[in-house]
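Enquirer: This is a predicted model, with the sequence first.
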Amino acid sequence: MSPKPSAVVLSDYGKGCFGGRLSLAIIEWCNAYGIPTVVDPKGDDWSKYDGATIITPNFAEWKAHRTGGRARLLGHVLHHHQDLAQ
């Protein structure tokens, strides 16, 4: 059995690898085992990253998604980030 990873990074450079429920399933599994997840977000639908430990958008991605439900998602992620910093 291999050791538990210290973190999992999800990034598909907008190629669609993490479409559907795959990203949510990976994040859910990692959360269940206490493994932090880092996401490089692509696309318009960031709900597929809900529950990630941290999302690392560039400025243009952040600016495009900082309103409405996206602000809630970013707030959720920032909360987790603060927990990790303590």
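Expert: Okay, I see it.
Enquirer: going forward, measure contacts and count neighbours with C-alpha atoms only.
Expert: Fine.
Enquirer: where do the helices sit along this protein?
Expert: With DSSP state H as the criterion, the chain has helices at 22-32, 59-64, 69-85.
Enquirer: Out of the ones you listed, which gets the lowest mean score?
Expert: Among these, helix 69-85 has the lowest mean pLDDT, at a mean of 54.
Enquirer: for the closest residue to V8 other than its chain neighbours, what are its contacts?
Expert: Leaving aside its sequence neighbours, V8 sits nearest to T37 (C-alpha to C-alpha, 6 or more residues apart in numbering; 4.9 Å). Going by C-alpha atoms under 8 Å, 6 or more residues apart in numbering, T37 touches 7-10, 27, 30-31, 52-54.
Enquirer: before we move on, what about D40?
Expert: Counting by C-alpha under 8 Å, 6+ apart, D40 has contacts 9-13, 55-57.
Enquirer: burial count for P36?
Expert: Here the count is done by other C-alpha atoms under 10 Å, and P36 has 20 residues near it.
Enquirer: From L24, how far off is it?
Expert: 13 Å (C-alpha to C-alpha, to the nearest Å).
Enquirer: unless I'm mixing things up, A52 is touching V39, no?
Expert: Yes: when contacts are counted by C-alpha atoms under 8 Å, A52 is listed as touching V39 (7.0 Å).
Enquirer: higher neighbour count, the two?
Expert: A52 (27 against 19).
Enquirer: which non-adjacent residue is nearest that one?
Expert: Nearest non-adjacent residue to A52 (C-alpha to C-alpha, 6+ apart): T37, at 5.3 Å.
Enquirer: Tell me the predicted confidence for that neighbour.
Expert: 93.
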